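Novice: Give me a 3D structure for the following:
(chains A and B)
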Amino acid sequence: MKTMAPKILAIAATAAALAFGSGALHAQQKGFSTLDKTDQSKSKQNLNLKGNPQPATATQLEKIPLDRIKLPPGFKAEIWSHGHAAARTMVMGDKGTMFMGTRVIGRVYAITNQGGKREVKVLLQGLTQPNGLAFRDGSLYVFAINRVLRYDNIEDKLDNPGEPVELTKAYDLPDTVHHNWKYVAFGPDGKMYVQVGANCNICEINPGTHGQIRRYNADGTGMEIVARGVRNTVGFDWHPVTKELWFTDNGRDWAGNEGPEDELNRVEAGQEGAFYGFPYCHANGIPDPDIRKPNACAGVVLPAALTGPHSAGLGIKFYTGTMFPENYRNVAFIARHGSWNREQRFGYDVAIARTDGGKATIEPFLTGMLDESANQFYSRPSYVFQMADGALLVSDELHGAIYRITYSAPGK
Amino acid sequence: MSYVNKSWWQPLALGLAAAALCAGAAIAQPVPQAERIKLCGVCHGKDGNSRMPNTPSLAGQPEFYLTNQLFLFREGVRNVPGMSELLKGLKDDDLVALAGYFAGLEPKASDETIDPALAKRGAALIGPMRCVSCHLPSFAGQEQMPRLAKQRIDYLIHSLKQFRDNSRSGADTLMSNVVIGVSDDDLAALAHYVSSQ
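Specialist: Take a look at the predicted model:
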């Protein structure tokens, strides 16, 4: 498909934002109605399905169900850190500080290494879902919902981070909150990549402002749209060889227990600005049941792989280390947070994606945290991080812990 | 609209001032649980059923919900004048204990007048808006989702508007999705209906 000039899209976004305003106006605007079009009665699902509760406290060390974790032969899991409630995003500073973002609890943690032991500090608090973190040149970038802050020389000021540089206006993100807890990362091009989710389960979003992955200069200037029609991605990474952007995307709810399945997508080089289907076309070409459009999937980039119904793939990282066996090199690890809108629970694991050009195959990796017969889960894996030595960290939002996965060849 | 309190913050601010006076520096010191509960009762009602405009009843709220909200107040995520100050210095366990206490009290109907015509209109909105999936058919709430039955109407209206207008920080954003674009009148109808349950 043809790439739309990002500049024009940016101008359209601004114009649309001006024209739309907020609140009740949305519903009355001709053309776009951001009213949720979910028709729950058609879904034939148990109408009592509900979001999973997320506690504000961390699980005590001895109660973290580490021994449930199952891994392929030669791999081992241990608890790397704990006591940081609602653990999600992980980025590391140049001096080895692990910064951790959260959603509901509003904190950013700093985890440091003190003589081989992790020390956890609440670095920032009172933010609205500071899930988006990035680190560059000594500065920590914090993206809360509709707020962008930069803390310079942060690793020298962990006890008193001081006042941040406010970048909120420069980034000028939409003021809606749903699906707008952020995921951000610096790309190989040095740009800051930021997602703007669809602010509904299923609705006709304003394509000029929502359902996008954008990129900016670090200071918030030069916005370009990288992907459109993206419902809710909260994880992306770049393939180590092709440098192409890959992102997870959470499919809509209340359209059945079996899907539409969540997606792993690729932005092919030169196709920045491509359309990924929301709200008209889902998964491998499924037209939306509630928002109809002729040829709903025409011109839509279909996913590289389906990642399971309601599985909630969040963090994704391509593995570039040497600790794991050779056949894990350049393989993507995906943390699947686990379902809520599905009668038989699904996910709560870490899967791997082996990519081949524009396609990928999904395999299990870290399992055991879902008891299928009891339909009960014991973990909410959220993000993955590769350490300098090749070990893999997995954050668990439910228990407020990070697991460290290592490998040693059997017999060694 | 007569059923909407025009200056909701005024009695709230007064109540908080009273609470803050009683609390003074004491709240930062170790304060017995009974004293803390008394302080909460100044605004939220001795029995956890609020008679103060725009101040929610806590009686019979799910413990999980109350715990989460107390955390959000303490840490300044959810902003209500005075609440963060009152909770400053309280330990996680203190918050859990407070939540447990109020969760165990019996909810009583609000002393506001339910408008039957509005309640009837509200009843018709419940289905399409999928309220019962989370708040249950009894509207007693569960886990992180609050009880709505017997809650104060003015507080419900205030909260619903906050969700709609993206000004309720710390809340599950799903609520913003549910009420986006809904008119003031419909929000009032919903509030009258669920409060009457």
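
Novice: all contacts plus neighbour counts: C-alpha atoms, from now on.
Specialist: Noted.

Novice: List the residues that contact the residue sitting nearest the centre point of chain B.
Specialist: Taking Cα atoms, centre = their mean, the centroid of chain B lies closest to B:Pro56, which sits 3.6 Å from it. B:Pro56 makes contacts with B:His44, B:Asn49, B:Ser50, B:Gln151, B:Arg152, B:Tyr155, as judged by Cα atoms under 8 Å, 6 or more residues apart in numbering or on different chains.

Novice: Switch those over to CSV; also include pLDDT.
Specialist: Formatted as CSV, the contacts of B:Pro56 follow (pLDDT from 0 to 100):
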residue, pLDDT
B:His44, 97
B:Asn49, 98
B:Ser50, 97
B:Gln151, 98
B:Arg152, 98
B:Tyr155, 98
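
Novice: of these, closest to chain A?
Specialist: The shortest approach to chain A among the contacts of B:Pro56 belongs to B:Tyr155, at 19.4 Å (Cα to the nearest Cα).

Novice: near chain A, which residues of chain B show up?
Specialist: Applying Cα under 8 Å from any Cα of the partner chain, one finds that chain B approaches chain A through B:64, B:67-68, B:71-72, B:75-78, B:92, B:128, B:130, B:132-134, B:136, B:143-144, B:164-166, B:169-174, B:176-178, B:180-183.

Novice: Among those, the buried ones, what's the ChimeraX command?
Specialist: Selection of buried members from the residues of chain B next to chain A for ChimeraX, criterion 16 or more other Cα atoms under 10 Å in any protein chain shown:
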select /B:64,67,68,71,72,75,76,77,78,130,132,133,134,136,143,144,164,165,166,169,170,171,172,173,174,176,177,178,180,181,182,183
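
Novice: just checking, which of the residues of chain B next to chain A belong to helices?
Specialist: B:64, B:67-68, B:71-72, B:92, B:132-134, B:164, B:174, B:176-178 (DSSP state H).

Novice: quick one: low-confidence parts of the chain?
Specialist: By default, I'm working from chain A. Scanning chain A for pLDDT under 70 picks out A:1-34, A:412.

Novice: that's the wrong chain, I meant chain B
Specialist: Across chain B (using pLDDT under 70), the flagged ranges come out as B:1-30.

Novice: all strands of it, in order?
Specialist: With DSSP state E as the criterion, chain B has no strands.

Novice: mind giving me the domain split of it?
Specialist: If you go by automatic domain parsing, the domain ranges for chain B are B:9-103, B:116-195.

Novice: Quick one: those as TSV, columns for distance to A:Lys359 too.
Specialist: Listed next are the domains of chain B as TSV, based on distance: least, Cα to Cα, whole Å:
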stretch	distance to A:Lys359
domain B:9-103	41
domain B:116-195	32
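
Novice: Can you say which of the ones you listed is packed in most?
Specialist: With neighbours taken as mean count of other Cα atoms under 10 Å in any protein chain shown, the domains of chain B reach their highest mean count in domain B:116-195, at a mean of 21.

Novice: Look up how far chain B lies from the closest residue to A:Val234 other than its chain neighbours.
Specialist: Spatial nearest neighbour of A:Val234, excluding adjacent residues (Cα to Cα, 6 or more residues apart in numbering or on different chains): A:Tyr183 at 5.0 Å. Note on A:Tyr183: its distance to chain B, by Cα to the nearest Cα, to the nearest Å, is 16 Å.

Novice: Which residues of chain A lie near chain B?
Specialist: A:22-27, A:34-36, A:39-40, A:47-51, A:53-57, A:104-106, A:125-129, A:175-179, A:199-201.

Novice: Report the buried members of the residues you listed.
Specialist: Buried among the residues of chain A next to chain B (16+ other Cα under 10 Å): A:22-27, A:34-36, A:39-40, A:47-48, A:50-51, A:54-57, A:104-106, A:125-129, A:175-179, A:199-201.

Novice: Take those and keep only those in strands.
Specialist: With strands taken from DSSP E, there is no overlap with these.

Novice: Residue of the stretch 301-412 of chain A nearest chain B, please.
Specialist: A:Asn341 (10.8 Å).

Novice: For chain B, see how far away the residue minimising distance to the centre of chain A is.
Specialist: The centroid of chain A falls nearest to A:Val234 when counting by Cα atoms, centre = their mean (1.9 Å). The span separating A:Val234 from chain B equals 15 Å under the rule Cα to the nearest Cα.

Novice: Sticking with that residue, tell me its helix or strand.
Specialist: Assigned by DSSP states H and E, A:Val234 belongs to no helix or strand.

Novice: residue contacts, it?
Specialist: Here A:Val234 is in contact with A:Lys182, A:Tyr183, A:Gln195, A:Thr248, A:Asp249, A:Leu314, A:Gly315 (Cα under 8 Å, 6+ apart).

Novice: Among these, name the ones in strands.
Specialist: A:Gln195, A:Thr248, A:Asp249, A:Leu314, A:Gly315.

Novice: want to throw the residues you listed into CSV with neighbour count and distance to A:Ala353?
Specialist: Below are the ones in strands among the contacts of A:Val234 laid out as CSV (neighbours: other Cα atoms under 10 Å in any protein chain shown; distance: Cα to Cα, whole Å):
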residue, neighbour count, distance to A:Ala353
A:Gln195, 31, 21
A:Thr248, 29, 11
A:Asp249, 27, 14
A:Leu314, 27, 13
A:Gly315, 30, 12
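
Novice: Turn those residues into a markdown table, including distance to A:Tyr141.
Specialist: Conversion of those to a markdown table gives the following (distance: Cα to Cα, whole Å):
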| residue | distance to A:Tyr141 |
| --- | --- |
| A:Gln195 | 15 |
| A:Thr248 | 22 |
| A:Asp249 | 23 |
| A:Leu314 | 19 |
| A:Gly315 | 18 |
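
Novice: now B:Ser159, nearest residue through space, not along the chain?
Specialist: Nearest to B:Ser159 is B:Arg168, by Cα to Cα, 6+ apart, at 7.5 Å.

Novice: Does the one you found touch B:Leu160 like I think?
Specialist: No: using Cα atoms under 8 Å as the test, B:Arg168 is too far from B:Leu160 to be in contact (9.1 Å).

Novice: one step back: nearest approach to A:Asn217 belongs to which of the domains of chain B?
Specialist: domain B:116-195 (27.3 Å; Cα to Cα).

Novice: how far does the helix or strand hosting A:Lys317 sit from the chain's center?
Specialist: For A:Lys317, the host element (DSSP H and E) is strand A:313-318. Offset of strand A:313-318 from its chain centre (Cα atoms, centre = their mean, to the nearest Å): 7 Å.

Novice: what does stretch A:375-395 give?
Specialist: With Cα atoms, centre = their mean as the basis, the mean position of stretch A:375-395 lies at 13 Å from the chain mean.

Novice: Look at that stretch and report the distance between its end residues.
Specialist: By Cα to Cα, to the nearest Å, the extent of stretch A:375-395 from end to end equals 22 Å.
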